[in-house]
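# Here's my sequence, what's the structure:
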Amino acid sequence: MQASSGITDIAHGIQLAVAPVFLLSAVGAVLAVLTNRLGRIIDRARVLDETLPDAAEVKQKHMRAELQHLAKRAGFIHAAITLSTTCALIICLVIVTLFAEVALGRQLSGLIVVLFITGMCAFVGAFLFFLLEIGSATASLRFGSGPR
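The predicted structure is shown next:
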């Protein structure tokens with residue numbers, strides 16, 4: 001009867017770990033979006049940096065301003081990526097702790113709560129930096145044939 005109870009406990013531990021695994025998938029999707037945006041920022045900055053020496057002086061001023069703006073946006077994305085990755089690592093620790101609680105037969109719910117809340121705070125922070133980057137990107141939109 002004892003072996004059956006152990007298997008039941010393990011199955012229950014797996015059931016408990018499913019929700020954080022779905023959250024981990026969501027964090028992975030957000031990381032994909034963030035790294036894509038960072039890549040586009042870097043690509044644009046490289047193009048500007050390569051063409052800067054050959055540009056007219058008036059255009060160089062605008063290009064330098066855009067490079068500074070891109071650096072600011074990259075900083076926001078970097079912070080969002082760092083916080084998202086931190087969230088993912090903490091959620092992994094939640095999953096490990098859930099299994100450890102079952103395997104060790106110890107009460108670790110306090111640690112699980114602290115880890116989960118910390119992970120969610122990191123995820124909220126990542127979204128805040130993502131919003132700042134989106135706001136910064138849309139604030140710099142220019143249409144028409146004005147100088148770039």
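
# Helices of this protein, start to end?
Using DSSP state H, the helices found in the chain span residues 2-51, 57-104, 109-139.

# got JSON lines for these, with mean pLDDT too?
As requested, the helices of the chain are exported to JSON lines (pLDDT from 0 to 100):
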{"stretch": "helix 2-51", "mean pLDDT": "84"}
{"stretch": "helix 57-104", "mean pLDDT": "92"}
{"stretch": "helix 109-139", "mean pLDDT": "95"}
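
# is it possible to export the ones you listed to TSV including mean neighbour count?
In short, each C-beta sits where N, CA and C put it, glycine included. Shown next, in TSV, are the helices of the chain (neighbours: other Cβ atoms under 10 Å):
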stretch	mean neighbour count
helix 2-51	14
helix 57-104	17
helix 109-139	16
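
# Residue 56 versus residue 49, what's the distance?
Applying Cβ to Cβ, to the nearest Å, the value for residue 49 to residue 56 is 16 Å.

# Might you report the residue contacts of the spatially most central residue of the chain?
Nearest to the geometric centre of the chain sits residue 84, at 2.9 Å (Cα atoms, centre = their mean). The neighbourhood of residue 84, defined by Cβ atoms under 8 Å, 6 or more residues apart in numbering, consists of 27, 30, 31, 34, 122, 123, 126.

# Farthest-apart pair in the residues you listed, please.
34 and 122 (13.3 Å; Cβ to Cβ).

# Give me the nearest residue to the residue nearest to the centre of the chain, chain neighbours excluded.
residue 126 (4.3 Å; Cβ to Cβ, 6 or more residues apart in numbering).

# ok, the one you found to residue 46 distance?
Counting by Cβ to Cβ, the gap from residue 126 to residue 46 is 25 Å.

# can you check residue 60 too?
16 Å.

# just residue 62 next, same as before
Separation of residue 62 from residue 46 (Cβ to Cβ): 17 Å.

# Same question for residue 108.
48 Å.

# Equivalent analysis for residue 83, please.
For residue 83, the distance to residue 46 - Cβ to Cβ - is 26 Å.

# Please name the residues that touch residue 88.
Counting by Cβ under 8 Å, 6+ apart, the residues that residue 88 touches are 24, 27, 28, 31.
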